[in-house]
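S.K.: 3D model of this:
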Amino acid sequence: MPSLLDRIARLWPKEGALSTSSGQRVALGVATALMASVPFVLTQESLLTAVADVVLVSLLVLVGGLYLNANEQSVWTRFRDVAILAVIVLGVVYGTWLSALVLPGVPPYVLPIPLAPILATLLLNPRVGIIVAVVGVGVGVLFNVLDGPHVVGSLLAAAAGVTAMGVISERSKLISAGGLVVAVTGAAAMGATLIEGGILSGAIVAGGLGLVGGSLTVILMLGLLPVFEAVFGVTTDVRLLELANPGNPLLRRLMMEAPGTYSHSVMTGNLAETAALEIGASGLLARVGSYYHDIGKIRRPGFFVENQAGAQNPHDNTSPALSALIITAHVREGVELAEQYRLPAEIVEIVRQHHGTSMVMYFYNKAAAEGGPVYEADFRYAGERPRSREAALVMLADSCEAAVRATTKPTPPRIEEVVRKVVSAKLADHQLDLAKLTLAEIESVIGVYTRMLSSVYHPRMEYPDVVSGRDKHAGQRNKPSRA
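M.R.: The predicted model follows:
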């Protein structure tokens with residue numbers, strides 16, 4: 001079910017429509033600046049000081065918008081991401097204001113100052129997180145919450161949070177990243193206190209309070225992250241790690257009801273993740289998307305060869321057109337299951353796009369061999385062509401793994417030939433036109449898939465019959481040999 005933000009996002013310009021959306025961006029920026037200026041107007045007794053604060057806040061918003069426009073087009077052109085950023089910035093302003101109002105004189109290192117940069121990093125990306133860190137420290141200075149060495153200490157704690165949370169590929173790293181934030185916050189508080197001229201005992205107390213502030217930051221991050229995920233429909237690395245767990249209900253269904261497909265999906269995930277890391281895409285998204293890309297096969301697992309385990313192939317008694325209809329339906333049924341189990345939009349898109357509009361060549365050729373009119377449209381998937389690099393990598397990994405698995409006597413040269421043939425066919429069929437993959441990246445992907453598939457599907461030695469000669473040596477089985 002689409003979230004409220006998804007419905008509102010339909011009014012936001014799509015990527016590439018920059019010339020028609022400048023007015024909307026200006027309106028959003030002005031609204032954010034005005035809302036962020038309210039606390040400064042209320043807290044300043046002098047009109048001139050209030051005007052100066054409003055100007056500074058407006059400049060912060062303006063410079064942030066210019067930075068996004070110049071360097072983060074993927075964030076700037078997406079309503080959801082801009083809305084998240086606006087909420088985080090307003091949260092920084094109002095949170096700092098309330099802290100100064102309710103807790104005057106509270107040590108700055110007790111406050112969860114790195115929280116906003118960490119959330120921006122997890123929800124958007126580390127570069128935006130750094131910008132939010134600068135904004136947060138600037139707001140703290142304007143509200144007289146931060147001054148002197150504590151400005152540097154807060155920037156250091158925020159930078160540590162952004163760095164630690166920038167790449168979370170395992171659950172254990174989330175814990176270690178939180179520990180790093182706590183440790184750096186405590187150390188920054190101690191160092192800032194000593195620089196201010198405090199005594200060692202006071203610095204130790206400040207360091208302890210810094211540990212408390214860092215812990216509060218991590219606790220609030222863990223509590224607010226699911227809220228942002230639910231409200232804005234964001235797929236964070238933490239959410240992806242949860243979906244990668246084999247105990248996930250839908251993944252477990254795939255494992256139990258279509259074990260051959262599950263095994264194929266795991267191998268596809270290994271390929272796609274390695275290739276994604278090679279070209280700088282999201283390896284975690286590629287891997288998790290691969291795990292779920294064929295979940296539609298749960299509906300009719302016996303119609304897919306990897307699940308037949310030597311049983312009779314039902315397609316032998318089915319017309320090619322009907323067989324193609326059954327095969328292509330697994331994409332639509334996979335999307336239905338993904339939405340039923342509330343998988344993130346990015347995963348649903350990979351399920352929908354992993355075959356694009358390509359043809360089911362086996363049944364098309366079978367129908368053509370039988371004679372009579374054959375319509376190409378009847379043998380094409382009704383999905384969408386991949387629009388992200390991760391979806392394209394899953395498409396190529398899926399096809400290459402299946403093609404190499406069906407190859408007799410695979411050798412590294414033969415495997416490379418098969419991989420190149422698959423990739424060339426997808427390019428010729430225009431399946432990768434929207435995926436933003438360069439030719440150099442595609443060549444890297446071919447090398448990765450060839451290397452990994454060669455290590456799995458290599459020729460194997462025939463093992464000798466261990467039963468032969470058993471009777472002759474039966475009496476010596478438990479006796480050690482002696483020279």
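
S.K.: how about the helix or strand hosting residue 227: buried residues?
M.R.: Element membership of residue 227, judged by DSSP states H and E, is helix 200-232. By neighbour count on 16 or more other Cβ atoms under 10 Å, the buried set for helix 200-232 is 203, 205-207, 209-218, 221, 224-225, 228-229, 232. Placement of C-beta: from N, CA and C, glycine included.

S.K.: quick one: residue 368 and residue 430, what's the gap?
M.R.: Residue 368 is 22 Å from residue 430, where distance means Cβ to Cβ, to the nearest Å.

S.K.: pLDDT weak spots in this structure?
M.R.: 1-26, 44-45, 167-172, 458-483 (pLDDT under 70).

S.K.: next one: stretch 363-380 to chain centre, how far?
M.R.: 39 Å (Cα atoms, centre = their mean, to the nearest Å).

S.K.: stretch 285-302 too?
M.R.: Chain-centre distance of stretch 285-302: 17 Å, with Cα atoms, centre = their mean.

S.K.: and what of stretch 340-349?
M.R.: The answer for stretch 340-349 is 12 Å, by Cα atoms, centre = their mean.

S.K.: now do stretch 227-241
M.R.: For stretch 227-241, the distance to the chain centre is 10 Å (Cα atoms, centre = their mean).

S.K.: compute the first-to-last residue distance for that stretch.
M.R.: Stretch 227-241 has an end-to-end distance of 17 Å (criterion: Cα to Cα, to the nearest Å).

S.K.: stretch 245-260 too?
M.R.: 18 Å.

S.K.: let me know the secondary structure of residue 338.
M.R.: Using DSSP: H, G, I helix; E, B strand; the rest coil, the structure places residue 338 in helix.

S.K.: same check on the one 4 residues further on?
M.R.: At residue 342, secondary structure determined by three-state DSSP is coil.

S.K.: roughly how far apart are it and residue 360?
M.R.: 30 Å.

S.K.: between these two, tell me which one has more neighbours.
M.R.: Neighbour count, other Cβ atoms under 10 Å: between residue 342 and residue 360, residue 360 has more, with 21 against 10.

S.K.: break the protein down into its domains, please.
M.R.: 4-234, 239-456 (automatic domain parsing).

S.K.: pretty sure residue 397 sits against residue 449.
M.R.: Yes - using Cβ atoms under 8 Å, residue 397 makes contact with residue 449 at a distance of 6.7 Å.

S.K.: quickly list what's touching both of these two.
M.R.: Listed as contacting both residue 397 and residue 449 by Cβ atoms under 8 Å, 6 or more residues apart in numbering are 271, 275.

S.K.: out of these two, which sits in the busier spot?
M.R.: Neighbour totals were compared for residue 397 and residue 449, and residue 397 leads with 31 against 28 (other Cβ under 10 Å).

S.K.: quick one: the more buried one from residue 202, how far?
M.R.: 58 Å.

S.K.: same question for residue 311.
M.R.: In terms of Cβ to Cβ, residue 311 sits 76 Å off from residue 202.

S.K.: same check, this time on residue 362
M.R.: Distance from residue 362 to residue 202, by Cβ to Cβ: 76 Å.

S.K.: swap in residue 60?
M.R.: 33 Å.

S.K.: likewise for residue 215?
M.R.: 20 Å.

S.K.: could you do residue 225 as well?
M.R.: 34 Å.

S.K.: let me see the ranges of the helices in the stretch 151-300 of the chain.
M.R.: 171-195, 200-232, 237-243, 249-257, 259-279, 283-292 (DSSP state H, counting those that start in this stretch).

S.K.: next one: stretch 58-71 to chain centre, how far?
M.R.: 25 Å.

S.K.: so what touches it?
M.R.: Outside stretch 58-71, the residues touching it (Cβ under 8 Å, 6+ apart) are 25, 29, 32-33, 36-37, 75-76, 82, 85, 89, 127-128, 131, 135, 138-139.

S.K.: got a list of what the closest residue to residue 207 other than its chain neighbours touches?
M.R.: Once flanking residues are discounted, residue 207 sits nearest to residue 190: 3.5 Å by Cβ to Cβ, 6 or more residues apart in numbering. Neighbouring residues of residue 190 by Cβ under 8 Å, 6+ apart: 203, 204, 206, 207, 210.

S.K.: so how many other residues sit close to the nearest residue in space to residue 202 that is not next to it in sequence?
M.R.: Using Cβ to Cβ, 6+ apart and skipping the chain neighbours, the partner closest in space to residue 202 is residue 193 (5.9 Å). Look at residue 193: counted by other Cβ under 10 Å, it has 25 neighbours.

S.K.: I'd say residue 193 and residue 201 touch.
M.R.: No - with contact defined as Cβ under 8 Å, residue 193 does not count as touching residue 201 (10.2 Å).

S.K.: is residue 147 in a helix, a strand, or coil?
M.R.: Classified using three-state DSSP, residue 147 is coil.

S.K.: buried stuff in stretch 435-449?
M.R.: Quick answer for stretch 435-449 (16+ other Cβ under 10 Å): 435, 437, 441, 442, 444, 445, 446, 448, 449.

S.K.: contacting residues around the fifth one?
M.R.: Just to be clear, that refers to residue 444. By Cβ under 8 Å, 6+ apart, the contact set of residue 444 is 275, 278, 279.
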